[in-house]
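Trainee: Okay, predicted coordinates and the sequence, questions at the end:
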Amino acid sequence: MNHSPRRATLTIALCFIVALIEGFDLQSAGTAAAGLRQMFSLDPKMMGWVFSAGIIGLLPGAFFGGWIADRIGRKKILIAAVLLFGVFSLGTAYVEQFSGLLLVRFMTGLGLGAALPNLIALCAEAVGEQRRGTAISVMYAGVPLGGALAAVVAMTFGEHWQMTFFIGGLAPLLVVPLMLLWLPESSAFKQVRHVSGEARSSVGQALFGEGRGMTTMGLWLSYFFTLTVMYMLLNWLPSLLLEQGFSKPQAGLVQMLFNIGGTLGSLLGGLLLDRCNAIKVVLFVYAGLLSALAGVGVSVGIVPMAVAGFAAGLFVMAAQLVLYALAPPSYPTAVRATGVGAAVAIGRLGSVAGPLAAGQILAAGAGTSTVLLATSPGLVIATLAILSVIRRSDEPRAGTVNSAAEHS
């Protein structure tokens, strides 16, 4: 299969730009929360709904975005998704009613959700299997960077919270013409389309056919539990730190280090996977994550807490990237975006469950360490599940994890 370096570079560069905007838009409601709260006079419960509306949209977005892309092409769906979240992010700056706000956040989430499985599939198919993890890592590093940019914009424009949504809406609309011109459709997808004509497999067949059932279930379990922990940390880390007696600036510093760790972890996850034994990488990353969470639970001074926060960001993001790199080779090209999209959608369920579960545990009067302790069984399940996926993918022919079913 031809993997021309120029096509691969163009694909990864454009996908990185989309991931950057995606990261910006994912964090935009959080960074503009104070302005939204004032404008719509929202109580904490209503604010929770504003955040949830976007997250709820991510779920069907990821699933249908992947499924339709296997039918009509990765590029078309990615462009449609970028248009969708651009238009509705822009719309967030103009809505006047609370119900309208919920609708635009849901539609923004739908577009953001549909983009991710196609970004992963395009990057995975743009390069040879030796560099697949690295390609997905480089692309995905755009997401935490975009989140950091959203924070910078919010700090710069202070009172003018609408600016966040102007930028988050105009940027994707400006990128669409570039994608139309320069983003190549996946050659693996075109090849399969050429060979199989219009053959269609059902969703069940795509996910569970040809002995893929155990692999799909393993991916789903690991995505669900890993993203539960990730989003719990993203949403609750500052509050947990304040509860432990740290000051607001100290909590802000730890949160910043958590994000910097996340950016590094995002690059590290895929790079390690391409260079080292996949089983060792998984054991290292998840053991690191469990240790970092223990550190966040027991650290007293700001220095050990800053180190633990940085490590938690690094390992949780590396774990997510390892999962993103292991999903594409688990499915043949014809159903790859469906498989990746379904796994991402299940991960999104975890991203809704994590913050909710943490809120319930804290409401019951438990402390930070209890919340963090409650996550460890899930992480152990995630580790065992993803190890079973690697073992299965190694069965057809000995070698690295990347020798998994690649019928293209």
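Mentor: That came through, no problem.
Trainee: low-confidence ranges in the stretch 201-350 of the chain?
Mentor: The stretch 201-350 of the chain contains residues with pLDDT under 70 at 201.
Trainee: do that again at 90, thanks
Mentor: By pLDDT under 90, the low-scoring segments of the stretch 201-350 of the chain are 201-207, 209-211, 229-260, 262-263, 296-300, 333-334.
Trainee: As a check, name the ranges of all helices in it.
Mentor: With helices called from DSSP state H, counting those that start in this stretch, the stretch 201-350 of the chain shows them at 203-208, 213-243, 248-275, 278-298, 302-326, 336-363.
Trainee: And the one helix or strand residue 177 maps to, what's buried?
Mentor: Assigned by DSSP states H and E, residue 177 belongs to helix 162-182. By neighbour count on 16 or more other CB atoms under 10 Å, the buried set for helix 162-182 is 162-169, 171-173, 175-176, 179. C-beta here means a position set from N, CA and C on the backbone, and glycine is covered the same way.
Trainee: cool, and stretch 55-74?
Mentor: Neighbour-count burial for stretch 55-74, counted by 16+ other CB under 10 Å, picks out 55-70, 73-74.
Trainee: ok, how many other residues are close to the closest residue to residue 334 other than its chain neighbours?
Mentor: Closest residue in space to residue 334, ignoring its immediate chain neighbours: residue 192 at 4.8 Å, by CB to CB, 6 or more residues apart in numbering. By the criterion of other CB atoms under 10 Å, residue 192 has 20 neighbours.
Trainee: buried ones in the helix or strand residue 192 falls within?
Mentor: Element membership for residue 192, per DSSP H and E: helix 187-196. For helix 187-196, the neighbour count (16+ other CB under 10 Å) marks 187-189, 191-193 as buried.
Trainee: Stretch 287-301 too?
Mentor: For stretch 287-301, a neighbour-count test (16+ other CB under 10 Å) marks 288-290, 292-297, 299 as buried.
Trainee: Dump the residues you listed into a markdown table; add distance to residue 78 as well.
Mentor: Shown next, in a markdown table, are these (distance: CB to CB, whole Å):
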| residue | distance to residue 78 |
| --- | --- |
| 288 | 32 |
| 289 | 30 |
| 290 | 35 |
| 292 | 33 |
| 293 | 34 |
| 294 | 39 |
| 295 | 38 |
| 296 | 36 |
| 297 | 40 |
| 299 | 41 |
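Trainee: which one of these is nearest residue 125?
Mentor: Among those, residue 289 lies closest to residue 125 (CB to CB), at 28.8 Å.
Trainee: related to what we said a few turns ago, distance from the chain centre to the helix holding residue 177, please.
Mentor: Counting by CA atoms, centre = their mean, to the nearest Å, helix 162-182 is centred 20 Å from the centre of its parent chain.
Trainee: Packing partners of it?
Mentor: Packed against helix 162-182 by the contact rule (3 or more CB pairs under 8 Å, 6 or more residues apart in numbering; DSSP states H and E) you find helix 5-31, helix 74-92, helix 142-157.
Trainee: Between helix 142-157 and the first one, find me the angle.
Mentor: Right, helix 5-31. Computed by axes from the mean of the first three to the mean of the last three CA atoms, to 10 degrees, the angle separating helix 5-31 from helix 142-157 equals 40 degrees.
Trainee: For helix 5-31, name the packing helices and strands.
Mentor: Where contact means 3+ CB pairs under 8 Å, 6+ apart, helix 5-31 is packed against helix 44-72, helix 74-92, helix 98-126, helix 132-140, helix 142-157, helix 162-182.
Trainee: And the fourth one, how far out from the chain middle?
Mentor: Relative to its chain's centre, helix 132-140 lies at 13 Å (CA atoms, centre = their mean).
Trainee: Repeat that for the third one.
Mentor: Here the centre of helix 98-126 is set off from its chain's centre by 11 Å, with CA atoms, centre = their mean.
Trainee: Enumerate every residue touching residue 19.
Mentor: Residue 19 makes contact with 119, 139-143, 146, according to CB atoms under 8 Å, 6 or more residues apart in numbering.
Trainee: if we can go back for a sec, go through the helices and strands packed on helix 5-31 and name the closest to residue 270.
Mentor: The closest of these to residue 270 is helix 132-140. By CB to CB, the value is 2.9 Å.
Trainee: follow-up on the earlier one: ok, the buried residues of stretch 287-301 vs residue 230, which is closest?
Mentor: The closest of the buried residues of stretch 287-301 to residue 230 turns out to be residue 289 (CB to CB; 9.4 Å).
Trainee: thought that closest one was touching residue 312?
Mentor: Yes - using CB atoms under 8 Å as the test, residue 289 is close enough to residue 312 to be in contact (7.2 Å).
Trainee: so how far is the first residue of stretch 85-99 from its last?
Mentor: Across stretch 85-99, the terminal residues are separated by 18 Å (CA to CA, to the nearest Å).
Trainee: can you list contacts of that stretch?
Mentor: Under the contact criterion CB under 8 Å, 6+ apart, stretch 85-99 has outside partners 22, 25, 28-29, 40, 42, 46, 101, 103-105, 107-112, 115, 162, 165-166, 168-173, 176.
Trainee: quick check: mean pLDDT across that stretch?
Mentor: On average, the pLDDT along stretch 85-99 is 95.
Trainee: Run the chain-centre distance for that stretch.
Mentor: With CA atoms, centre = their mean, you get 23 Å for stretch 85-99.
Trainee: ditto for stretch 14-23
Mentor: For stretch 14-23, the distance to the chain centre is 12 Å (CA atoms, centre = their mean).
Trainee: What of stretch 204-220?
Mentor: Stretch 204-220 has its C-alpha centroid displaced from the chain centroid by 21 Å (CA atoms, centre = their mean).
Trainee: for stretch 64-83, same thing?
Mentor: 17 Å.
Trainee: now stretch 334-351
Mentor: 11 Å.
Trainee: swap in stretch 6-23?
Mentor: Centre-to-centre, stretch 6-23 and its host chain are 15 Å apart (CA atoms, centre = their mean).
Trainee: which parts of that stretch are buried?
Mentor: Applying 16+ other CB under 10 Å to stretch 6-23 flags 7-8, 10-12, 14-23 as buried.
Trainee: Kindly report the domain assignment for the protein.
Mentor: Domain ranges of the chain: 1-200, 201-408, per automatic domain parsing.
Trainee: Do I have it right that residue 51 meets residue 27?
Mentor: No - counting by CB under 8 Å, residue 51 sits too far from residue 27 to count as a contact (10.8 Å).
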